[in-house]
Every structure is written in C-alpha cells, then in structure tokens.
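Chemist: return atomic coordinates for the entry below.
(2 chains)
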Amino acid sequence: MSAPAATADPSRSSYYVNDALYRELIADFTGWQDDARAVTDIAERDGFRRLLEREARLLDELRYDDWLALYAPECIYWAPSTPRAGDPRREIAVMFDDRRRLEDRVYRLRTGFAWSQAPASRTVRLISNVEAFTTARTDVRMLRSNFLISEFWDNETRLLTGWAGHRVVRDGDGAGWKITAKQVNLIDCDQCIRNPSIIL
Amino acid sequence: MTALEKINNPPHGRLDATALYDWDYLVQEDRAHRLIYTDPAIFEAEMTHIFGGTWTYLAHESEIPNDNDFITRRLGLRPLIIVRDGAGKIRALYNRCTHRGTTLCRWDKGNAKSFQCPYHGWNFLNTGKLRGVPWPDGYAEDMRDPKYNLAQVPRVESYRGFLFGTLNLDALPLTEHLGPISKLIDEWLDRNPGGKVVVCEANRFRFKGNWKLAYDNSCDGYHVAYSHRSLLETENRFAGENAKGMAYYRNSPDTLAMYMRYTGHGNHFKDKRPNLEQRPGGLWALESAHPGMEHYEAEFLRRYGERAFALLDLAGSEPVNINVFPNFSLLGNHIQVFEPLSVAETNAIWYGTMVVDDGTLGAEATTDINALRMRTQEGFPNFGEVDDIANFEQIQRGLMAVEDEWVYMHRGLGIPDRVQRHDDGTITAPATDEAFMREHFKEWKRLMKNPQNLAIAREP
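Modeler: Below is the predicted model:
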C-alpha cells in the first residue's frame, strides 16, 4: 500500500482511523448530553433539526450520493452492539464504517446482487426530540435525536427504533455543518435482528 | 456427584420420534425431503434427539471469567443459565424454577451467587441447590428433597474454552467426539498469542428459516460466488490484479488447493489456507479494505519492522470454516452459533473474538491489533451474511411448495476419484462439493432414528 497520509483520499485509503481517533470518539460520545450545554437558540436548533430531517429523507429516497455529501470526508458511522456503547477497539459493532466502508456499503447496495435488498426495502423515518449540545470546541456540536424507521421488506413492515448521536462540525464556509460521526443506538442493538441491511 | 434422572424420552403419551417417519426415505444419499425443514413434529423431535442427544455448543469460557459470573443461553429450546459457581465449577443450570416453571433469570449476563424466582420467591444457589422457599411450614414434606434442586445439563465439558453440553449419557467424551476436527480447532486457537481468544460481543442475526439451512451452508463452497456476489464485487472494487477476500472462488474454485473434509459425527471443515501465500503477511495481503488498515500497517512497519506482518495477520480473517454439528462454526475470527427458535426461525450469532497479551505483544500492540480485528470481523456479517440469510429465508418459502418434495445435495456424488475416503474414516472433496452435507445428514439421521439415553442432573 502507498504511504503518504496527508494527501490520502479517505474514499480510497484509511489513514485517519487510528488510536487517537478512537480515543476522541469515545471521549466525545461520553457524557455529552449535559443540560448545562444545551443549545437554546431556536434558529440554531432548527438548523440542526432540518439537517437531520434532510438526512432521513435522503436515506428514505435512496439518494446515497447526496446523503454521503452531508458527511465530512473523514467520518465515522457507528452502530454499537451494546446499549452503552463500549470501546470500539475491543467490542464488535453492529456497524462501524469509515468513509471508505460507508461508500462500500452504498456500492454493495447498488451492485444489483445484494440479495438482502433485492428488492430494496421501502422506509419512512420519523426523527424527533432533536436536542443540540455545545462542546469544548466552538465549531463542534453534538446532536441527539430519536428515530423510528418503518421498513417494508419481504411483504411485511417492521420497526427499527432507537436514538442517534451526531457530531457535527461547522463547515469551511461557516454557513453549514458537516457530520463527522454518527452513532446509531438501536434499542435492540444487543439482540438478534432480522436482515439488518439498510443504512440506518 | 450429582444425581441423574433418566428422561422418559419421548414424553408420555406421544409417539416415539424414532417411529415418526421412515427416516431412510426422508434422507437419501443424494437428496433430502422438504419435511425435515418444515415439519414442526420433526423440529420437536430434534430438540431432544439432536439438541440434547449430541454435544451442543453452549458458550465460551471467557464469557464467564469470574466466579459467580453467569450468562443465559439455550440448549435447543431449554433456557439455561451457564454459570461459574462459587467454587469455579462451570454448570449449565435449567433456567426454570422447579416450583411452577418460571424462568429465574431474565438477564443476558451478570454476577450472582443465587437466583430468586420472581414469582413466589424460591431461592436457588448458583450450584442449582434450593436454598429456601418462603413460609416452608406450609409444606407437609421436607423441601430439602433433591427433586426441588434445579435441573442441570448432566455433561458439560470444555475443549480449550469452548463449552459444550449434552444430555446423552452414552455420548462419547467431548474430545473423542470432536476427534480429528480438534486439530483444526487447535490450529485456529494456536495462531493467537497464548493460544487463546476472548469473546467480545457479536453480530447477531435472526432469520425465518430452519436451523439446518445455516448448518448446510457452513461448509458450502458452492454458494460463495453467487450468494456473495455483491460482497466479492465490493471488496474488489479497487483491487485490480490483487484480488481480495474470497475472490478466489470466482474462477474454477475446485481446481484450487482448498478443500473440504468430513471428520465424523456431523463435523466438517473447509480449509482455504492452502490458497494463501505461506509467509508472514500472507493472510493480511488477502484482507479486503477495512477502517484503519493503511494507518495501522504503516504504523506497525515503523514500530516493529519485519515483525509487523505476523502481527497484522492476527487481524486478518483466518480462512477456515470449522463446523461442529449441530450449531457451532469457527470461521474467520468468529465463533458462529446457531440457535433454533422454531421450525422456521433461527438465530445466527457471530461472536467476535479478540486477542489477549501473553507477554509477547505488549499493551499497545494488543490494543491496535484488536482495533483492526474488530473492523475486519464486521466485514463479512455486514456485507456477506445478510445475503446468505435472505437466501435461507427464501429456501424456507420455496419449501412450502408441498408437491415438489426434494432438495438435492449430490454435487460431486458419483464422479470417480472426486471424493476421497481416508483410512481414518475422514472424507475429503473439492471445495464446492456437497459431500459434507450428505455426511452430516447421515449423522442427523442416526440421531433421529435411534432412542437416546438422555438424563438431567440435580444436586443431591
């Protein structure tokens, strides 16, 4: 494999997933839902609510390229396998993707040979209880939302539900926010799940 | 010594399962009847003749490392508490109050010296012994009668940390039952530091299909290029000439050095290791793209020089499928377990494993190897298993067509010199051969046909 980390394209190689990233991820997703840090500004909260609603709509419509564009180039998509999310360096996750594996996930669904999604599920996502929290970094917010995914697949509709934590960073131009990490906490994450093959 | 209670098998008033069907008709040399996957009566018989009648995988010792640790599992449909009691002895207690049958413990895992029934308060030590009942003066008899102690699996044995249980008093000792396949289990363990692994959560699936559909898949080299086509395409989208993962299945897999071997008692393995370059880093070179791999490879080379490749191999997926009938597979670095729930519903759980420092690795390397090893292990369940399971479900649906009775498993049968029978009784065949399935169904049939000498135990 070729070396230089600084110029590496995270869609093609994975240099940014290292021990420092794991430690930061664990720290950022611990104890962040602190009332003292709640964002009360209505306009800012509404902006985050619209971001999460847009993400839900893009996934429901299988607009994966637009969805991926919501994420920073170096991002993490993480669905822990335990309700209190242990250390991902020593705990298998339901899903744990970097940018490249997230694109793998999309690529696989588009091959036409992903039998678990042939035909594809139809989904409708409800996103609610959106809260935002400030962090020690002025350009980073943590978002909490509850989700309810109705998934129609193989002649029946089932529910996937839980809550998500999004870590967002202010975009380069200062106008918007990019997602740097999404933690999807299924309420039954430590139980056997039938066909967990959609993007959550 | 525990007291044994022979089981009246089958229960009173029911036909003996051995007479339920003409088993030789249902399972023939080249084909099996759809009923073995769809008939609830056969499923019910399997829950004693197979799950109970032979050695069934229960758990890994690392899941209950300390005295009084417990986990809840099943043996067939029997709810169990697998516990390491206060004296360190591992037991498989029936999670069933001897009073009215309530499950005593509803948690997945924990640490407890005793279990109290939530219904009427009967309290049991984690040895299974009844410790006391509320208001015992309301009973005319002495409640210390052993019949009120919890039932437990009479034979629980560990093979190097893998815990198996059987109710069958006539079953061979576990090591003899495993026989030649224990060599593969040894090799699977011994490539890890100190020859051991620790279970670290799981990718957990449920499918609407019979449990045997999963075991029929466990050694199947024929489906890979088709069922996993999306995986093979995805993991090779940037690979160019250096094909990754299981890409070697795409062209004439039977001409490669990999092979399957049946080792008896329903057990078999597929060994893909001969396909690899036999050098440190040979396994790592085949690993498809996973989070962090370029960083850790560069970091390991910087830190450890040439030794880096042997360390990176510890994060690579060991290319074997080691299957112990009826519910256990070692594949890649996973321990895969099948749990039957009903005739048409099964759990397939892929327990992840991590390495532990035996003094040769150091804390930093151990952390980093495991960080990589978690990510490589998530690959196949996410991008491969989901498609197999979708196909298992569709088999179950297809088999509801009653007039079209047979499923075929005759690939390789009747071709001279293709299947080789060895002096030790083992059988080898090319990787896509269905000989493994024909053989494990002979074991299935043997267990279903014959009365089983089953018992439960209770503390005296």
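Chemist: count of neighbours near the nearest residue in space to A:Thr82 that is not next to it in sequence?
Modeler: Leaving out its chain neighbours, the residue that sits closest to A:Thr82 by Cβ to Cβ, 6 or more residues apart in numbering or on different chains is A:Asp190, at 5.4 Å. C-beta here means a position set from N, CA and C on the backbone, and glycine is covered the same way. Look at A:Asp190: counted by other Cβ atoms under 10 Å in any protein chain shown, it has 18 neighbours.
Chemist: element containing A:Asp190, please.
Modeler: Element membership for A:Asp190 (DSSP states H and E) is empty, with no helix or strand holding it.
Chemist: hang on, it packs against B:Trp107?
Modeler: No. When contacts are counted by Cβ atoms under 8 Å, A:Asp190 is not listed as touching B:Trp107 (11.4 Å).
Chemist: before we move on, back to that, ok, the residue nearest to A:Thr82 - contacts?
Modeler: Contacts for A:Asp190 (Cβ atoms under 8 Å, 6 or more residues apart in numbering or on different chains) come out as A:81-83, B:108, B:201, B:204.
Chemist: out of those, name the ones that lie in helices.
Modeler: When DSSP state H is applied, the contacts of A:Asp190 are split such that none fall in helices.
Chemist: now restrict these to buried residues only.
Modeler: Buried members of these, counted by 16 or more other Cβ atoms under 10 Å in any protein chain shown: A:81, B:201, B:204.
Chemist: which ones are touching the first one?
Modeler: For A:Ser81, the contacting residues are A:91-94, A:189-190, B:201-204, by Cβ under 8 Å, 6+ apart.
Chemist: can you lay out the residues you listed as JSON lines showing pLDDT and distance to B:Ala429?
Modeler: Formatted as JSON lines, these follow (pLDDT from 0 to 100; distance: Cβ to Cβ, whole Å):
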{"residue": "A:Glu91", "pLDDT": "97", "distance to B:Ala429": "38"}
{"residue": "A:Ile92", "pLDDT": "97", "distance to B:Ala429": "33"}
{"residue": "A:Ala93", "pLDDT": "98", "distance to B:Ala429": "37"}
{"residue": "A:Val94", "pLDDT": "98", "distance to B:Ala429": "36"}
{"residue": "A:Cys189", "pLDDT": "98", "distance to B:Ala429": "40"}
{"residue": "A:Asp190", "pLDDT": "97", "distance to B:Ala429": "39"}
{"residue": "B:Glu201", "pLDDT": "96", "distance to B:Ala429": "35"}
{"residue": "B:Ala202", "pLDDT": "98", "distance to B:Ala429": "31"}
{"residue": "B:Asn203", "pLDDT": "98", "distance to B:Ala429": "30"}
{"residue": "B:Arg204", "pLDDT": "98", "distance to B:Ala429": "32"}
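Chemist: state the pair within the residues you listed that is farthest apart.
Modeler: Farthest-apart pair in these is A:Glu91 and B:Arg204; separation 13.2 Å (Cβ to Cβ).
Chemist: residue boundaries of the helices in chain A?
Modeler: Under the criterion DSSP H, helices of chain A are mapped to A:19-28, A:42-60, A:64-68, A:99-110.
Chemist: got it, and the stretch 201-350 of chain B?
Modeler: Applying DSSP state H, counting those that start in this stretch to the stretch 201-350 of chain B gives helices spanning B:211-217, B:224-227, B:229-235, B:282-286, B:293-304, B:308-313.
Chemist: export those as TSV, with columns for distance to A:Arg100, mean neighbour count and mean pLDDT.
Modeler: Listed next are the helices of the stretch 201-350 of chain B as TSV, based on distance: least, Cβ to Cβ, whole Å; neighbours: other Cβ atoms under 10 Å in any protein chain shown; pLDDT from 0 to 100:
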stretch	distance to A:Arg100	mean neighbour count	mean pLDDT
helix B:211-217	28	24	98
helix B:224-227	23	18	94
helix B:229-235	11	24	95
helix B:282-286	17	19	93
helix B:293-304	10	19	97
helix B:308-313	18	21	97
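Chemist: out of those, nearest to B:Leu413?
Modeler: Within the helices of the stretch 201-350 of chain B, the stretch nearest B:Leu413 is helix B:211-217; the backing value is 15.4 Å (Cβ to Cβ).
Chemist: how far does that closest one sit from its chain's centre?
Modeler: Here the centre of helix B:211-217 is set off from its chain's centre by 11 Å, with Cα atoms, centre = their mean, to the nearest Å.
Chemist: what's that helix packed up against?
Modeler: Applying 3 or more Cβ pairs under 8 Å, 6 or more residues apart in numbering or on different chains; DSSP states H and E, we find helix B:211-217 packed against helix B:35-38, strand B:334-342, strand B:345-355, helix B:386-398, helix B:435-449.
Chemist: again, only using 6 Å
Modeler: With contacts taken as 3 or more Cβ pairs under 6 Å, 6 or more residues apart in numbering or on different chains; DSSP states H and E, helix B:211-217 sits against strand B:334-342, helix B:386-398.
Chemist: re earlier: need the helices of the stretch 201-350 of chain B in a markdown table (columns: distance to B:Val419).
Modeler: Formatted as a markdown table, the helices of the stretch 201-350 of chain B follow (distance: least, Cβ to Cβ, whole Å):
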| stretch | distance to B:Val419 |
| --- | --- |
| helix B:211-217 | 18 |
| helix B:224-227 | 20 |
| helix B:229-235 | 27 |
| helix B:282-286 | 28 |
| helix B:293-304 | 39 |
| helix B:308-313 | 32 |
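Chemist: and the gap between the spatially closest residue to B:Ser329 that is not a sequence neighbour and A:Pro10?
Modeler: What sits nearest to B:Ser329 in space, not counting adjacent residues and going by Cβ to Cβ, 6+ apart, is B:Gln336, at 4.2 Å. Separation of B:Gln336 from A:Pro10 (Cβ to Cβ, to the nearest Å): 31 Å.
Chemist: the more surrounded of those two?
Modeler: Taking neighbours as other Cβ under 10 Å, B:Gln336 and A:Pro10 compare with B:Gln336 leading, 24 against 18.
Chemist: what count of nearby residues applies to A:Arg37?
Modeler: For A:Arg37, the neighbour count with other Cβ under 10 Å is 14.
Chemist: how about A:Arg158?
Modeler: 14.
Chemist: which residues does it form beta bridges with?
Modeler: Bridge pairing for A:Arg158 (DSSP bridges) gives the partners A:Glu151.
Chemist: so which residues on the stretch 201-350 of chain B come close to chain A?
Modeler: Contacts of the stretch 201-350 of chain B with chain A, taken as Cβ under 6 Å from any Cβ of the partner chain, map to B:201, B:204-206, B:229-230, B:233-234, B:237, B:289, B:291-295, B:347.
Chemist: between these, which is nearest B:Phe51?
Modeler: B:Asn347 (13.2 Å).
Chemist: quick one: pLDDT of B:Met1?
Modeler: Per-residue confidence (pLDDT) for B:Met1: 51.
Chemist: scratch that, B:Pro253 is what I was asking about
Modeler: Note for B:Pro253: predicted pLDDT of 88.
Chemist: where does pLDDT dip in chain A?
Modeler: A:1-7, A:174 (pLDDT under 70).
Chemist: hmm, back to that, mind putting the helices of chain A in CSV, distance to chain B included?
Modeler: Converted to CSV, the helices of chain A look like this (distance: least, Cβ to the nearest Cβ, whole Å):
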stretch, distance to chain B
helix A:19-28, 6
helix A:42-60, 17
helix A:64-68, 14
helix A:99-110, 4
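Chemist: for those, give me JSON lines that also has mean neighbour count.
Modeler: As requested, the helices of chain A are exported to JSON lines (neighbours: other Cβ atoms under 10 Å in any protein chain shown):
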{"stretch": "helix A:19-28", "mean neighbour count": "16"}
{"stretch": "helix A:42-60", "mean neighbour count": "16"}
{"stretch": "helix A:64-68", "mean neighbour count": "16"}
{"stretch": "helix A:99-110", "mean neighbour count": "22"}
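Chemist: what about the strands in chain A?
Modeler: Along chain A, counting by DSSP state E, strands occupy A:71-79, A:95-97, A:122-134, A:140-153, A:156-170, A:177-186, A:193-194.
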